[in-house]
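# Here is a sequence with its predicted model. Questions after.
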Amino acid sequence: MSMKHLDRVKELLNYIEKEPENPFNLYALALEYQYQDKEKASFYFNKLLTEHKDYLATYYHAALFFANEEKLQKADKIFSDGIELAKAQNNLHAKKELENAYLNFQFEND
C-alpha cells in the first residue's frame, strides 16, 4: 500500500468520525479499498447498501465490485436495486449508466 493510499484512508476515517451520517465518506473509503483490501471494501459497500439505501452513487461501483468478486447474485440484485432507485429519484443519467453496466454484466455472465 502506498503512502498516498494510507494518507487518504486516514483522512477519510477522520471525516467519518466527524460526520458519521455522511454517506460520501463511506463511499470514498469503499472506493479507496476496492483494489487494496477486498474485505474492507466489501464491509463499506455493505454498510452503504444497508444504512444509506438512497445513496445512488454506491450502486454502480458496489455492483461491479461484487461482480469482480464472483458474487454474481448479489451484483445482479445491486444493479436491479440501483436502477429502481435511479428511476425513483428521476436520475436519468445514473439510470442509463447502471442499465448499460447491467447489460454488460448480464452478457459477460450468461
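Okay, I see it. Computed from a predicted structure; not experimentally measured. Numbering: from 1, shown residues only.
# name the helices or strands packed onto the one helix or strand L26 maps to?
Assessed by DSSP states H and E, L26 sits inside helix 23-33. When contacts are defined as 3 or more Cβ pairs under 8 Å, 6 or more residues apart in numbering; DSSP states H and E, helix 23-33 packs onto helix 3-18, helix 38-51, helix 57-68. (Each C-beta comes from the backbone N, C-alpha and C, glycine too.)
# Could you check how far N109 is from F66?
Taking Cβ to Cβ, to the nearest Å as the measure, N109 falls 12 Å from F66.
# Do I have it right that R8 meets E32?
Yes. The pair R8 / E32 is scored as a contact, 5.6 Å apart, by Cβ atoms under 8 Å.
# between these two, which one's more packed in?
Taking neighbours as other Cβ atoms under 10 Å, R8 and E32 compare with E32 leading, 19 against 15.
# what's near enough to touch the more buried one?
By Cβ atoms under 8 Å, 6 or more residues apart in numbering, the contact list for E32 reads H5, R8, V9, L12.
# and E11, how many neighbours?
E11 has 14 nearby residues by other Cβ under 10 Å.
# Apologies, that question was intended for N90.
Residues contacting N90 under the criterion other Cβ under 10 Å number 8.
# swap in H93?
Neighbour tally, H93, other Cβ under 10 Å: 8.
# Numbering from 38 from now on, please.
Yep, numbering from 38; the last one is H130 now.
# With E107 as the reference, measure out to L66.
Here L66 is placed at a distance of 23 Å from E107 (Cβ to Cβ).
# more neighbours, those two?
A count of neighbours by other Cβ under 10 Å puts L66 above the other of L66 and E107, at 24 against 9.
# wait, the more buried one sits on H42?
No. L66 is beyond contact range of H42, at 11.3 Å (criterion: Cβ under 8 Å).
# can you pull the buried residues of the helix holding L63?
Residues P60, N62, L63, Y64, A65, L66, A67, L68, E69, Y70 are the ones in helix 60-70 that count as buried (16 or more other Cβ atoms under 10 Å).
# so A123 makes contact with A131?
Yes. Using Cβ under 8 Å, A123 makes contact with A131 at a distance of 4.4 Å.
# picking that back up, biggest separation within the buried residues of helix 60-70, which pair?
P60 and Y70 (15.4 Å; Cβ to Cβ).
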